[in-house]
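Trainee: sharing a model prediction with you, sequence too.
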Protein chains: 2
Amino acid sequence: MTHAVIMAGGIGSRFWPKSRRARPKQFLQVFGEQTLIQNTVARLQGLIPPERCFVVTHERYVEQTRDQLPALPAENILAEPISRNTAPCITYAAVKLLAQDPDATMVVLPADHVIPNVRQFHEVLRVAIEKAREPGTIVTIGITPTHPATGYGYIQFEGSLDPSDPVPRAYPVRTFAEKPDQETAERFIDSGDFLWNSGMFIWRADTILDQVRAHLPAAYDAFRSVQDALGTDREPEAVAEAFQKSPATSIDYGVMEHADHVYVVPGSFGWNDVGDWRAVYDLSDKDDHGNVLRGNAIVHDASRCLVHAEDRLVALIGIHDVIVVDTDDAVLICNRDNTQQVRNIVNYLNSHQLTQFT
Amino acid sequence: MTHAVIMAGGIGSRFWPKSRRARPKQFLQVFGEQTLIQNTVARLQGLIPPERCFVVTHERYVEQTRDQLPALPAENILAEPISRNTAPCITYAAVKLLAQDPDATMVVLPADHVIPNVRQFHEVLRVAIEKAREPGTIVTIGITPTHPATGYGYIQFEGSLDPSDPVPRAYPVRTFAEKPDQETAERFIDSGDFLWNSGMFIWRADTILDQVRAHLPAAYDAFRSVQDALGTDREPEAVAEAFQKSPATSIDYGVMEHADHVYVVPGSFGWNDVGDWRAVYDLSDKDDHGNVLRGNAIVHDASRCLVHAEDRLVALIGIHDVIVVDTDDAVLICNRDNTQQVRNIVNYLNSHQLTQFT
């Protein structure tokens, strides 16, 4: 059967001051009524039911994950005792799923992305799942790039896209590329055979475990003992030990780049990884002055601004191209072109004994 | 004897969100440790002692006036039952002072101005007080203009300034002029015989009452009955009635423009009426990036900004020429060139049932 494994361990410090250590981006209402992780589960409706959705998150977020996703069985929330990048967390999920379902196929999804075109997303996932049912096969989702972005990794595939073909297809992957510089990104786009790496992977649980054994044997060995402890009192301790022993590496770097039989299914369903407040501005509906006003905001001669307020009143006069995010104890006022630097503020706060604000 | 009468009834809505109906500008710490009204009393030290300082303010501000000025005898805080501009409030103060001291001279001062050069201010006031001791004489303080301001009234005097004369002098006033347009203001400055009207007046209490009788007989009659009620249980009622009956007019418009024997003493002691947040920025010490940061503020690539924060954290990234004023329930983010429009926000709030923020 097909299971979703939603990775929700990140902190997303570029969403400060809304995102905090205690409440990361994926648990925030950045758009509309639901949080990003709630949207991630909701958009699987019709493809993977909640009882087959799993979330891997840091143990400090287990409770709010359960609160936000009451439709998921409590045991589907897997706790990471420490953050060790994606390889250990995916290995743990694979071990867990395989014990329940020897035929399990995993759809690994980040918890904090936006995908407006759900119908097309399902079509792409169906093709990817079908392909991933073949033992030994690794499938990724690649996003048809819209511009030479330097903030994403890229996937190069063999063959060429046929824009007139309405049915998604799986293409063999030639190579994975790290985030490029501007010049390289432009070359990637011009070549026509590069896609953005969406961080979505599909594979059989036994396939990914075989690959981990082959390319990350230390991680595989670490999680061997978890297999024996599953369902017993020793499970938490065994998991903690496995995370400690496992190398802190990404599944991309640790496995995908070395694996054979890797495929990519291209899609273009309006995907956005909502990396910073600028992305929230870009993805939101605007008023006639290009403003996005949420909460208690009053503007007088303001344009192209995003205001994310709550109960407190935010008043703008003669302000343009600025993002304002107001919370109980902190307010961010950021030029729309500087949203990547929000993490500098968080770093500053952390290094100056101001962690009450982070 | 010489008494100070500090007029503190204004609301100062251009200082929103710090200034509120419940806490107007004069009661705010806009600079340094003391509030504007505390500074107004403090700068009289050596000239007029606290026990001879009187404050006229709206009755809703009597308590915080007493709290902020504990050195003043409680009975020196005179309550206006309703705001009726300066003529009734000055008439009331004159009646009150005359009953205590038939020889009283009044130095009438706004509560919310800034005067950096106190030594020079005292020199000017001493000359003005000396002149005002002559019965029937009205004296004003004029500020040597530094630029053709359109936000102030002007006073034209007879004669010409001698910049080499170190001793202040009283000049006969030719005329009072309302706030001019730009062209007129430039003509005023070029003429050399116009000064800014500082709103500071000096006269004997009996002199101003004579002038009120001559030019505002309704106000004079209204306060006649207060004279008889002073010190009795009937005083509050009589005062309330007098304010009701008195025309709501300024002492400038109602008396000064019609009076004879009016003199002006020019001064240039760095006076500023601190009309808006821009003035606070201009008058404050700046750091190397031209920022004025007060309270819990962090800036990253910000310049020429004023941040007035309290306990909440205010973070600026890539922001220039902006004024940020943060309070418990509201935050203002205003272009440095738009600070006059802050009152539009207050008007909007008042007309949209949002008076909890005003």
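Mentor: Yep, it's here. Residues are numbered from 1 along each chain as shown, chains lettered A, B, ... in the order given.

Trainee: can we go C-alpha only for contacts and neighbour counts from here?
Mentor: Will do.

Trainee: which elements pack onto the longest strand anywhere in chain A?
Mentor: Ranked by number of residues, the top strand in chain A under DSSP state E is strand A:194-204. Packed against strand A:194-204 by the contact rule (3 or more CA pairs under 8 Å, 6 or more residues apart in numbering or on different chains; DSSP states H and E) you find strand A:105-110, helix A:118-132, strand A:138-143, strand A:154-157.

Trainee: buried residues of the very next helix or strand once past it, list them for me.
Mentor: Counting by DSSP states H and E, the next helix or strand C-terminal to strand A:194-204 is helix A:205-215. For helix A:205-215, a neighbour-count test (16 or more other CA atoms under 10 Å in any protein chain shown) marks A:205-209, A:211-213, A:215 as buried.

Trainee: name the nearest residue to the residue in the stretch 51-200 of chain A that chain B sits nearest to, ignoring sequence neighbours.
Mentor: As assessed by CA to the nearest CA, chain B sits closest to residue A:151 within the stretch 51-200 of chain A, at 20.2 Å. In space, residue A:151 comes closest to residue A:179 once its chain neighbours are excluded; the distance is 5.9 Å by CA to CA, 6 or more residues apart in numbering or on different chains.

Trainee: what residues are up against the one you found?
Mentor: Taking CA atoms under 8 Å, 6 or more residues apart in numbering or on different chains, we find residue A:179 in contact with A:150-154.

Trainee: let's go with 10 Å and repeat that
Mentor: By CA atoms under 10 Å, 6 or more residues apart in numbering or on different chains, residue A:179 lies in contact with A:149-154, A:185, A:196-197.

Trainee: kindly report the same for residue A:258.
Mentor: Counting by CA under 10 Å, 6+ apart, residue A:258 touches A:175-176, A:211, A:214-215, A:252.

Trainee: quick check, nearest of the residues you listed to residue B:126?
Mentor: Relative to residue B:126, the closest of the contacts of residue A:258 is residue A:252; by CA to CA it sits at 82.1 Å.

Trainee: contacting residues around the nearest residue to residue A:350 once chain neighbours are set aside?
Mentor: Spatial nearest neighbour of residue A:350, excluding adjacent residues (CA to CA, 6+ apart): residue A:358 at 7.0 Å. When contacts are counted by CA under 10 Å, 6+ apart, residue A:358 touches A:13, A:16-23, A:330, A:345-350.

Trainee: cutoff 8 Å now
Mentor: For residue A:358, the contact set (CA under 8 Å, 6+ apart) comprises A:16-17, A:20-21, A:346, A:349-350.

Trainee: give the rounded mean pLDDT of the one helix or strand residue A:189 maps to.
Mentor: Counting by DSSP H and E, the element that carries residue A:189 is helix A:182-191. Throughout helix A:182-191, pLDDT has a mean value of 96.

Trainee: same check, this time on stretch A:289-303
Mentor: What stretch A:289-303 shows for mean pLDDT is 96.

Trainee: for stretch A:116-124, same thing?
Mentor: Mean pLDDT, stretch A:116-124: 96.

Trainee: chain center to that stretch, what's the gap?
Mentor: 16 Å (CA atoms, centre = their mean, to the nearest Å).

Trainee: surely residue A:266 touches residue A:141?
Mentor: Yes. Under the criterion of CA atoms under 8 Å, residue A:266 makes contact with residue A:141 at 5.9 Å.

Trainee: residues shared between the contacts of the two?
Mentor: With contacts defined as CA under 8 Å, 6+ apart, the residues shared by residue A:266 and residue A:141 are residue A:124.

Trainee: excluding chain neighbours, what is closest to the residue sitting nearest the centre point of chain A?
Mentor: Closest to where the C-alpha atoms of chain A average out (CA atoms, centre = their mean) is residue A:110, at 2.5 Å. Closest residue to residue A:110 apart from its sequence neighbours, by CA to CA, 6+ apart: residue A:7 at 5.0 Å.

Trainee: quick check: bridge partners of that neighbour?
Mentor: Going by DSSP bridges, residue A:7 is paired in beta bridges with residue A:56, residue A:110.

Trainee: my read: it touches residue A:55, true?
Mentor: Yes. Counting by CA under 8 Å, residue A:7 does reach residue A:55; the two are 6.0 Å apart.

Trainee: so which of these two has more stuff around it?
Mentor: residue A:55 (30 against 25; other CA atoms under 10 Å in any protein chain shown).

Trainee: ok, now which ones touch the more buried one?
Mentor: Residues near residue A:55 by CA under 8 Å, 6+ apart: A:5-8, A:76-78.

Trainee: out of those residues, who has the most neighbours?
Mentor: residue A:5 (29 neighbours).

Trainee: helix or strand: which one has the residue of the stretch 1-150 of chain A found nearest chain B?
Mentor: The nearest approach of the stretch 1-150 of chain A to chain B comes at residue A:17, 9.2 Å away (CA to the nearest CA). For residue A:17, there is no helix or strand it lies in under DSSP H and E.

Trainee: quick one, what contacts the residue lying closest to residue A:129 once chain neighbours are set aside?
Mentor: In space, and not counting its chain neighbours, residue A:129 is closest to residue A:202: 6.3 Å by CA to CA, 6+ apart. Neighbour list for residue A:202: A:105-108, A:128-129, A:132, A:138-140 [criterion: CA under 8 Å, 6+ apart].

Trainee: and residue A:202, how far from residue A:134?
Mentor: Taking CA to CA, to the nearest Å as the measure, residue A:202 falls 11 Å from residue A:134.

Trainee: coming back round to it: given the longest strand of chain A, what are its sheet partners and their directions?
Mentor: Using DSSP bridges, strand A:194-204 pairs in its sheet with strand A:105-110 (antiparallel), strand A:138-143 (antiparallel), strand A:154-157 (antiparallel).

Trainee: roughly how far does residue A:306 sit from residue A:244?
Mentor: Using CA to CA, one gets 42 Å for the distance from residue A:306 to residue A:244.

Trainee: okay, those two: which has more neighbours?
Mentor: Taking neighbours as other CA under 10 Å, residue A:306 and residue A:244 compare with residue A:306 leading, 28 against 17.
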